[in-house]
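>>> Below is the structure, and that's it, no one-letter string:
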Ligand SMILES: NC(=O)c1ccc[n+]([C@@H]2O[C@H](COP(=O)([O-])OP(=O)(O)OC[C@H]3O[C@@H](n4cnc5c(N)ncnc54)[C@H](O)[C@@H]3O)[C@@H](O)[C@H]2O)c1
Ligand SMILES: [Zn+2]
């Protein structure tokens, strides 16, 4: 007799499932799946196990799926996968099939949907889903066009890591918010506007194909290789039998297809102790906690620091010196706090800014009150000034020598504006105690930053106006010249698609604040490449209109997302991985030979970044 209350177990599972479907899981998948297995052992016929775990969106019309959208069986171990392959082989034999071929695709971790070309439906309870077609109006991009059947709504992984990781607990969290709510969170809206939230049809995913033996033999490499080709959050891979007759014979349970299995890995975790919380003041005055932990090895790296995102999280989870925490690293993702195993009895949050000593206030930066930042509102706060100057050099990206330590020395000595710093010469640096070589380098770097060509949108973004990151800067400059920005009013900005009224007002205020600096820097004469005004350049005469393009490797002109956004604006169909339909692969730095030859084998045209820029800029860069 096992001493477990089944009802209690099921209500626990239901609660975990509801939290997970809402986008804020309470436990990791392996824990959840273990509990499901426990239930299966205790009561294999329990109704909870007989269908897919339901999701709910209130206020959406329900639609019936022509075929049920099922869940997938899981294999966490090699043995489980082997048993699956044996089971399939047995069925195949009974049909007289000699060899079974398998297909493996990345298992995308978002929200499953079905796009029949008219309607986008969520999975719901598997039989009935919800009409979530409004996702298109909100800006979800249908990868490869509409009407391609089953797929996943998800967000480009590299974008998420860079811009949203501190804001949403998980990409699913954001996607669920977008689909379920009529008012969009500001960060979600930005991601949508940047074209980073996608509906990805499963049929367009990169895939591996081979026999059962090859599959079992090489599963780790297959997972690795698919992960490298996928810039979306993944939670494993999906293994499917290729042959349709065999699929039909194997059929399905009410929960999953018998010819398909998901191979999942428990993310590698490590346990460590928080030694100290360092509070770091950012450019906008938000003070964020970084946990200094007892060094611990995790997936081949030594972890010393883990971000805790914001004060609200520290408070809610009970983090402080002595707290025992678990950190997780899945794939290439930076280690993050997985859970707090032993909280501290009392959390101490700083009352004063660690830099300037001003009283800190709470600032809610999202709409549902989940993010709670401590904020220093002193505009003269040295840490904020340092961060703003550092932001300038970092975003501009062509002056190497201005690291944060150097900037701290400059600010401490009173060189606390870009105007003052750009007026400095070698002798000034020398006088502040920088060595002769460093002084020369710093002076040279200042000169270089003015004489090396920089895109106007990068220049604008480097000025650090809130709400004007690189993407929005570029968008703004497609409508108005840099010099004209100080004269714009909020209404004029709000007239541009994608800029809301509130954001526009914040941008106007921000530009007013940096107005003098902007004028001063422009007068110094930076070598600037201008964004073509949309009125001058449209997708209609774009050489890449309608072309299917994949970007890979590190680009010079901008981040991969920026390149993709530009290509989209010029009418291209941007793909995230090469397949047979791809027209061009644009290769930045460090693209492996294997990737190139694979693309060539598929008949894809390879272009260097320079070739590509020449193509889209219509040869205008060929100075002759
Ligand atoms: N952590 C938690 O609290 C918690 C709670 C509930 C569920 N879960 C997780 O979710 C699982 C069950 O949920 P589920 O049924 O929604 O998801 P699943 O993990 O069983 O995956 C099935 C879904 O994956 C989608 N999918 C993604 N990539 C695919 C691809 N390449 N090919 C085909 N299909 C693909 C399909 O739409 C399908 O509906 C659990 O086993 C558990 O791991 C976790
Ligand atoms: Zn301060």
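Received it, and whenever you're ready, just let me know what you need. Treat the numbers as computed from the prediction; the structure is a model and nothing was measured. Numbering: from 1, shown residues only. Ligands and ions are numbered 1, 2, ... in the order given.
>>> what's the domain layout of the chain?
What automatic domain parsing lists as the domains of the chain is 6-49, 62-263, 268-363, 382-529, 540-616.
>>> could you dump those to a markdown table with mean pLDDT?
A markdown table is the format used below for the domains of the chain (pLDDT from 0 to 100):
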| stretch | mean pLDDT |
| --- | --- |
| domain 6-49 | 84 |
| domain 62-263 | 91 |
| domain 268-363 | 86 |
| domain 382-529 | 90 |
| domain 540-616 | 85 |
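>>> now the ones you listed in TSV, with distance to ligand 2 and mean neighbour count?
Where you see a C-beta, it was placed from the backbone N, CA and C, and this is true even at glycine. Converted to TSV, the domains of the chain look like this (distance: least, CB to the ion, whole Å; neighbours: other CB atoms under 10 Å):
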stretch	distance to ligand 2	mean neighbour count
domain 6-49	31	15
domain 62-263	20	18
domain 268-363	3	17
domain 382-529	6	17
domain 540-616	30	17
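>>> Distance to ligand 1 for those domains - can I get that in TSV?
Output for the domains of the chain, formatted as TSV (distance: least, CB to the nearest ligand atom, whole Å):
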stretch	distance to ligand 1
domain 6-49	3
domain 62-263	3
domain 268-363	12
domain 382-529	27
domain 540-616	12
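>>> can you tell which of the ones you listed is closest to residue 375?
domain 268-363 (3.9 Å; CB to CB).
>>> Can you give me the end-to-end span of the closest one?
Distance between the two ends of domain 268-363: 34 Å, counting by CA to CA, to the nearest Å.
>>> Next, the contact list for the closest residue in space to residue 542 that isn't next to it in sequence, please.
Closest residue in space to residue 542, ignoring its immediate chain neighbours: residue 570 at 4.0 Å, by CB to CB, 6 or more residues apart in numbering. Residues counted as contacts of residue 570 (CB atoms under 8 Å, 6 or more residues apart in numbering) are 539, 542, 544, 545, 616.
>>> now the residues you listed as TSV including secondary structure?
Output for the contacts of residue 570, formatted as TSV (DSSP: H, G, I helix; E, B strand; the rest coil):
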residue	secondary structure
539	helix
542	coil
544	coil
545	coil
616	helix
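>>> quick one on the thing from earlier: measure the residue nearest to residue 542 to residue 617 for me?
Distance, residue 570 to residue 617, using CB to CB, to the nearest Å: 10 Å.
>>> contacting residues around stretch 46-55?
Contacts of stretch 46-55 (CB under 8 Å, 6+ apart): 6, 10, 13-14, 17, 21, 36, 39-40, 43, 69-71, 111, 122-126, 254-255.
>>> Restricted to strands, list these.
Filtering the contacts of stretch 46-55 for membership in strands, criterion DSSP state E, returns 71, 111, 122.
>>> how about JSON lines for those residues, with distance to residue 452 added?
What follows is those, written out as JSON lines (distance: CB to CB, whole Å):
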{"residue": "71", "distance to residue 452": "54"}
{"residue": "111", "distance to residue 452": "44"}
{"residue": "122", "distance to residue 452": "49"}
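>>> Could you give the secondary structure assignment for the nearest residue to residue 146 once chain neighbours are set aside?
Distances taken as CB to CB, 6+ apart place residue 117 nearest to residue 146, at 5.2 Å, with adjacent residues excluded. When classified by three-state DSSP, residue 117 comes out as coil.
>>> same deal with residue 599?
helix.
>>> correct me, but it touches residue 585?
Yes: between residue 599 and residue 585 there is a contact under CB atoms under 8 Å: 4.5 Å.
>>> Quick check: neighbours shared by those two?
550, 578, 606.
>>> Turn those residues into TSV, columns for distance to residue 285 and secondary structure.
Shown next, in TSV, are the shared contacts of residue 599 and residue 585 (distance: CB to CB, whole Å; DSSP: H, G, I helix; E, B strand; the rest coil):
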residue	distance to residue 285	secondary structure
550	40	strand
578	44	coil
606	46	strand
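>>> what's next to stretch 446-463, contact-wise?
By CB under 8 Å, 6+ apart, stretch 446-463 touches 391-399, 421-422, 424, 468-470, 473-474, 476-477, 482, 485, 514, 517-518, 521, 524-531, 557-558.
>>> Try it again at 6 Å.
392, 395-396, 398-399, 469-470, 473-474, 477, 482, 514, 526-531 (CB atoms under 6 Å, 6 or more residues apart in numbering).
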